[in-house]
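Asker: would you be able to build a 3D model of this:
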Amino acid sequence: MAKKIIILIFLLSIIVFLVILRFTKIQPKKSQPQLEVGKCKFNVDLAETEEQKEQGLSGKEKMDKLTGMLFIFTTAQQYHFWMKDMNFPLDFVWIKGNKIIDLSYNIPPSKNNQNIARVFPKEPVDKVLEINNGLINKCKIEIGSEVKFYPAN
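Answerer: Predicted coordinates:
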């Protein structure tokens, strides 16, 4: 008798699971866009709107190791970036099209927004990747290298 009850509970559990599965829309987790640069692939947050570009990483306490912020511009220019309200140093990868144009290493955060560091590329760019300091060297990122973009699915 106990064996029949266990089998009945098991079968009912399977039926309940199948009903839930049938009527629940399971959405695959949306992946984050990625940028392959040098020997590393970074998950990137995109800064496309003016508000996103102005905010950038300001106020953020830290950034995961192989994560970055990719700024996307409609026209190539010598965009200036500053470290106002930043809490950690950054490396900057300056990109035009799919090629690395310039690199800026270990740009320090400002202390109490005093002596705010400013950086800009040597030539016009249409994208800028901000990553944790030291990753340009660790990932063997070089000027002239190709950048590969993988959009989120």
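Asker: roughly how far does residue 119 sit from residue 153?
Answerer: 33 Å (C-beta to C-beta, to the nearest Å). Bear in mind the C-beta positions are built from the backbone N, C-alpha and C, glycine included.
Asker: ditto for residue 6
Answerer: Taken as C-beta to C-beta, the span from residue 6 to residue 153 is 42 Å.
Asker: got it, and residue 112?
Answerer: Per C-beta to C-beta, residue 112 is found 42 Å from residue 153.
Asker: check residue 36 too.
Answerer: In terms of C-beta to C-beta, residue 36 sits 16 Å off from residue 153.
Asker: more crowded one of residue 119 and residue 153?
Answerer: Taking neighbours as other C-beta atoms under 10 Å, residue 119 and residue 153 compare with residue 119 leading, 18 against 9.
Asker: got the contact list for that one?
Answerer: 80-82, 92, 104, 107 (C-beta atoms under 8 Å, 6 or more residues apart in numbering).
Asker: what helices or strands is the longest strand anywhere in the chain leaning on?
Answerer: Counting by DSSP state E, the longest strand found in the chain is strand 67-77. The helices and strands touching strand 67-77, judged by 3 or more C-beta pairs under 8 Å, 6 or more residues apart in numbering; DSSP states H and E, are strand 40-47, strand 125-132.
Asker: which SSE is immediately downstream of the first one?
Answerer: Meaning strand 40-47. helix 50-55 (DSSP states H and E).
Asker: may I see the buried residues of that following helix?
Answerer: Burial within helix 50-55, assessed by neighbour count using 16 or more other C-beta atoms under 10 Å, is assigned to residue 53.
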